[in-house]
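Undergrad: My questions concern the predicted model and sequence given below.
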Amino acid sequence: MDTTEIVSLLNSAQPEAYLGPQGIKLITEERAIKKAQIGYSIDKNGANIASNQPGSWQRHWLVIAKDTELGDPYYVEINNTQLPVYTAIFNETTHQWQTTLVATSLAGFVECIDLLFHFTEQDEPKFVPDSTAIFDLEKLEMFGKQLAHISENTDFWQGFFISYVEWLQDENV
């Protein structure tokens, strides 16, 4: 799948989705996808800075979204036909990227973003819980299981929901 097809698939979903303060914003324009690679696989002049060394940003990773709270990238592994989606955090101590699988396919990731948007009906992050916040833990658990099933990955979504519940608790709700 080339970048044009990836962008087309990204455009089939809501461009952003939030759960409390957490959010994911898809990059839905081909030009913006190319620009999003700066600092990851290319420098500001377009020179390749990716590597095949473990812990480095890999040449076959394509940034397709950003975490709206922390700015961490979401990327697809373009050398895999399923286009699995990961997120990554740069460890300043080890100077290596630590990756986490989000969904085993780009199609599953896009479906999860769409469902998350419709589940929360949030169009921006919330920093203080209000009457629209979701407090029903059973409802959250069931929805988390649905996302885990679609993405074929439990770990990422479990952490996503745990962070949300901790946010509710931190805000003394």
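TA: Received it, and whenever you're ready, just let me know what you need.
Undergrad: Could you count how many residues lie near the closest residue to T120 other than its chain neighbours?
TA: Of all residues not flanking T120 in the chain, L19 sits nearest, at 5.5 Å (C-beta to C-beta, 6 or more residues apart in numbering). C-beta here means a position set from N, CA and C on the backbone, and glycine is covered the same way. A count of nearby residues for L19, using other C-beta atoms under 10 Å, gives 24.
Undergrad: The one 4 residues further on now?
TA: Residues within reach of G23, counting by other C-beta under 10 Å, total 24.
Undergrad: Would you mind giving me the confidence score for it?
TA: pLDDT for G23: 97.
Undergrad: One more: P15?
TA: The model reports P15 with a pLDDT of 96.
Undergrad: Ok, M1 next?
TA: M1 carries a pLDDT value of 83.
Undergrad: ok, now which ones touch it?
TA: By C-beta atoms under 8 Å, 6 or more residues apart in numbering, the residues touching M1 are 9, 78, 81, 83, 106.
Undergrad: now the strands for the protein?
TA: Assigned strands in the chain, in chain order: 16-19, 22-26, 61-67, 73-77, 85-91, 96-103 (criterion: DSSP state E).
Undergrad: rewinding a little: any idea what the residue nearest to T120 is bridged to?
TA: Following DSSP bridges, L19 is listed with bridge partners Q22.
Undergrad: ok, it touching L115?
TA: No - look at L19 against L115 with C-beta atoms under 8 Å: they stay out of range, at 11.2 Å.
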